[in-house]
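Asker: model the structure of this input:
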Amino acid sequence: MKWDYKVVSIDLLFKGSNDHDIAVSKDAANARRASAGEGIESALKELGKESWELVSITGEFGIFKKPVD
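Answerer: Residues are numbered from 1 along each chain as shown. Predicted coordinates:
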């Protein structure tokens, strides 16, 4: 089987994340994780609609693949 690959910046996967913020309480940390998780899930669903499958997150990049049409 042949594959197409797509490499995207980790910023695309974590869009909407306030990663530079420091959580000063347990509640703030939990809220930050929930928000980041929702952003990641949204980005993965978008890419999944185009048949991209996440293979790996390496350093600052997400690597996706899908079968060649």
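
Asker: low-scoring stretches of the protein, by residue?
Answerer: 16-23 (pLDDT under 70).

Asker: how about a cut-off of 50?
Answerer: Filtered on pLDDT under 50, the chain yields no residues whatsoever.

Asker: which helix is the longest one in it?
Answerer: Counting residues, the longest helix in the chain under DSSP state H turns out to be helix 26-49.

Asker: off-centre distance for that one?
Answerer: The chain centroid and the centroid of helix 26-49 are separated by 8 Å, computed with C-alpha atoms, centre = their mean, to the nearest Å.

Asker: I'd like the distance between Trp3 and Ser51.
Answerer: Distance of Trp3 to Ser51, given as C-beta to C-beta, to the nearest Å: 11 Å. C-beta: built from backbone N, CA, C; applies to glycine.

Asker: do Gly39 as well
Answerer: 21 Å.

Asker: more neighbours: these two, which one.
Answerer: Gly39 (17 against 12; other C-beta atoms under 10 Å).

Asker: check contacts around the residue most central in space within the chain.
Answerer: Central residue of the chain (C-alpha atoms, centre = their mean): Leu13, 2.7 Å from the mean position. With contact set as C-beta atoms under 8 Å, 6 or more residues apart in numbering, Leu13 has these partners: 39-40, 43-44, 57, 62.
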